[in-house]
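Asks: Would you be able to build a 3D model of this:
(one chain, ligands or ions: 1)
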Amino acid sequence: MSDSSQINDVISLERVGEIALVRIDNPPVNASAQPVRRGLIDAVAAANADDAVKVIAIYAAGRTFIAGADIREFGKTPKEPSLPDTINTIEASAKPVISAPHGTALGGGLEICMGTHARIGVKGLRVGLPEINLGLLPGAGGTQRGPRLMGMKNTLDMSLTGKMVPGETAVDWGLIDGIEEGAPRDVALKAAQAVLDGTLATRRTSDLPVEMDENALADARAMIAAKMPFLDSAPLVVDAVERSPGDVQEGMKFERESFVTCLKTASGRGMIHAFFAERAVAKIPEAGATPRDIRKIGVIGGGTMGSGIATSALNAGFEVRLIEVTEDALERGTATITKNLEGAVKRGKSTEAKMQEALGRLTPSTEMETLADADLVIEAVFENMEVKKDIFTNLDRICKAGAILASNTSYLDINEIASVTGRPGDVIGLHFFSPAHIMKLLEIVVADKTAPEVVASGFNLAKQMKKIGVRAGVCDGFIGNRILAYYGKTAGYLMEDGASPEQIDTALEAFGFAMGPYKVGDLAGLDIGWANRKRMADTRPEDERYVRIHDRICEEGWFGRKTGKGFYIYDDEGPRPNPGALEIIAAERAAKGITPRDFSDQEIVDRYMTAMISEAARVVEEGIALRPIDVDAVFLFGYGFPRFRGGPLKYADEIGAAEIVQRIETYAKDDAYYWKVPAILRRMAEDGSTFEDLNKEG
Ligand code: 3H9
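Replies: Residues are numbered from 1 along each chain as shown. Model prediction:
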């Protein structure tokens, strides 16, 4: 006998004999929004009131169990009932309540499971406490019930890494009681029957003891100090777990207060913004177009970029044809790809068998004609317009109708490249970031005539390669490199005016960048920027202040790490400032009659960030980026921008446009050519609006 009723829009209750099945249906990810919380309490109450019911089982519809609290509710006025109260109510139920999570049980979703009296996962389940990725900590009992089920160490690992754990591992840890195959409803029903039969034990998690683990607490604190110094929530995770051997409700009070505090910190706001940035970038005007079917990818150029792109394509399961001009170059390219794949095996991210299978899909060739059957060709040769045009002329002749022709240029005009083909609608920019098989960012550069389905294909490719695709318009350097070229000059000005490369790097690392700009330059190779500056030399405006230090360093043959010297020296003693570079800096200052002055670290950060924000504002103003959040995504996923700050334009909102305008006007007193207030920032300073307002407009 079964009867069912709808508790509210998202929760329904079905009675099957002595079992009450509570179903959550709140697409897309069953987030525990207010109606879910309210509905769960009401459903458990209704089942308790029904004399026929002996056991209650919670499961979910759709692709996943509860993926956590509804992140869109954060920062808004909290709506009753809270999630901790909801879970406490479930745990207090007189009749046993069990859960049968499937897909992912994350954050608040896992905390709900912890509050039920037994948990049977559906095969394929993954669980986690990812709140740390949002700059938060578990806020609905995870730090108190977690240690009771899986011990302090596992709770700390899970909530400090934010990583998902397979259901089977969760069973080993004692967090989940078992894994069963089947549809979530069937697994829930079977588990509830097991409770009735006495073969599945139920108990309240809060009643279980916690064993104090001083070592785990000390290790976690040491790890945070070394690796996570910027996240306000990280130490609070440990403080909360440390309280778990005490009274659960006391511990939850501390946890809740810490959670609310973290929501109000800049790092919490920044991390939440980064979460949405990762997803917002997929919202493009071409989202409705049908992507073309891509199976075979041609990559032209076996250098670092081409090999990295080919590696990424192989990892995504494509057949790849690598084209180089000579057999030697082809061998080098194949060797690099093999090395990239081996690296993944060494890091435990892949296996020897997977590597061999991937290499089996690689066909190296010196014949461009072999690209005739490719669905997508990515040209990744050096930055020279004439060479690229020549390649695209050939591709136009060779490639089949409907093939997508892409250039991995970092700066060049995709319209001009497309103009040499008879099919500009098929031409697009796919700008990968080095190392291309590792970096998450893919700038998808849309030229004037690029067809919507070609754009949609670019985004589809990004997804298949597990990258973050960001739509960019055509301009020199697109979103990222254009902004980089602009604020890179500020670093040069700071250096010529008195700050050392090391001080600039240290100041920006203290701000949160993993590496300062001079260390990054040395790592990427100083010759790349040098080549670009030479390319731009003829068009450089006369009024622009030009710092020659980088060029002079390159003239010495010092290109950074790869030559052992750049701004720093790289040898057995470890990186240290290159005295030769410091001599060049001193000589350049003297030649221009500059008396070096002191800069505070704060001034370095302020000038650098103000430059980054002003050019980013212009990129938004000109429509090169669709929205401010797209710029943020580019910097988060391609330029090592500190995630806890959310991106340059999120950071701009934190400072406020008025302050930024004031800074630009102050700096302009010394260099009015470089420091100009973008119209968009001026308007925002006047009307008090923010970049976030523009994000909401879409
Ligand atoms: C928490 O639980 C705090 C508690 O401890 C205490 C509270 C008091 N809320 O990623 P997808 C949206 S903190 C709202 O593309 P997938 C997402 O924006 C939370 N919306 O799918 C997207 O929307 P759109 C801890 C959410 O299949 C759509 O769902 N939980 C939420 O690749 C599809 O998402 C987390 O941090 C949410 N919680 O991956 C888990 N989650 O289509 C975060 C997703 O409009 N979520 N959306 O762009 C995830 O990790 C992935 O979404 C998941 C699915 C793995 C679940």
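
Asks: make it CA atoms for all contacts and neighbour counts henceforth
Replies: Will do.

Asks: Pretty sure Arg15 sits in a strand.
Replies: Yes: residue state for Arg15 (DSSP: H, G, I helix; E, B strand; the rest coil) corresponds to a strand.

Asks: could you measure it against the ligand, distance?
Replies: From Arg15 across to the ligand, the span is 28 Å (C-alpha to the nearest ligand atom, to the nearest Å).

Asks: List the beta-bridge partners for that residue.
Replies: Beta-bridge partners recorded for Arg15 (DSSP bridges): Asp3, Ala20.

Asks: Is there proximity between stretch 238-257 and the ligand?
Replies: No: under the criterion of C-alpha under 6 Å from any ligand atom, the ligand is not reached by stretch 238-257; the shortest gap measures 7.5 Å.

Asks: quick one: buried residues of that stretch?
Replies: The neighbour-count check on stretch 238-257 (16 or more other C-alpha atoms under 10 Å) flags 238-245, 248, 251-253, 255-256 as buried.

Asks: Pull the most distant pair out of those.
Replies: Based on C-alpha to C-alpha, the longest span within the buried residues of stretch 238-257 runs between Pro245 and Arg256 and measures 16.8 Å.

Asks: For Asp236, the count of nearby residues, please.
Replies: Small correction: residue 236 is Leu, not Asp. A total of 18 residues lie near Leu236 under the criterion other C-alpha atoms under 10 Å.

Asks: I should have written Lys400 there, sorry.
Replies: Counted with other C-alpha under 10 Å, Lys400 comes out at 15.

Asks: now do Asp572
Replies: Neighbours of Asp572 under the rule other C-alpha under 10 Å: 6.

Asks: Could you chop the protein up by domain?
Replies: 4-264, 296-475, 481-623+626-697 (automatic domain parsing).

Asks: What's the end-to-end length of the shortest one?
Replies: Meaning domain 296-475. The first and last residues of domain 296-475 sit 29 Å apart, counting by C-alpha to C-alpha, to the nearest Å.

Asks: can you tell me the residue of the stretch 401-550 of the chain closest to the ligand?
Replies: Lys463 (9.9 Å; C-alpha to the nearest ligand atom).

Asks: Quick check: closest non-adjacent residue to that residue.
Replies: Spatially, and ignoring its direct neighbours in sequence, Lys463 is nearest to Gly469 (7.5 Å; C-alpha to C-alpha, 6 or more residues apart in numbering).

Asks: The one you found bridge partners, please.
Replies: Leu442.

Asks: picking up where we left off before, looking at the buried residues of stretch 238-257, which is nearest Ile414?
Replies: Taking the buried residues of stretch 238-257 together and measuring to Ile414 by C-alpha to C-alpha, the closest member is Val238, at 50.8 Å.

Asks: Just list what the helix or strand where that closest one lies packs against, helices and strands only.
Replies: According to DSSP states H and E, Val238 maps onto helix 233-242. Applying 3 or more C-alpha pairs under 8 Å, 6 or more residues apart in numbering; DSSP states H and E, one finds that helix 233-242 makes contact with helix 142-161, helix 214-227, helix 248-263.

Asks: which of those helices sits most buried?
Replies: A comparison of the helices and strands packed on helix 233-242 by mean neighbour count, using mean count of other C-alpha atoms under 10 Å, puts helix 142-161 on top with a mean of 24.

Asks: For the following helix or strand past it, what does the pLDDT average out to?
Replies: Toward the C-terminal end, the helix or strand that comes next after helix 142-161 (DSSP H and E) is strand 165-166. In this model, strand 165-166 has an average pLDDT of 98.

Asks: and Ile120, helix, strand or coil?
Replies: strand.

Asks: Now that it has come up, it's in contact with Pro101, right?
Replies: Yes: counting by C-alpha atoms under 8 Å, Ile120 touches Pro101, with 7.0 Å between them.

Asks: out of these two, which sits in the busier spot?
Replies: Shown here are Ile120 and Pro101; by other C-alpha under 10 Å, Pro101 has more neighbours (34 against 27).

Asks: Contacts only, for that one.
Replies: Neighbour list for Pro101: 59-60, 64-66, 113, 119-122, 125, 184 [criterion: C-alpha atoms under 8 Å, 6 or more residues apart in numbering].

Asks: how close does it get to the ligand?
Replies: Distance of Pro101 to the ligand, given as C-alpha to the nearest ligand atom: 13 Å.

Asks: And the pLDDT at Met1?
Replies: For Met1, the predicted pLDDT is 41.

Asks: Sounds good, over and out.
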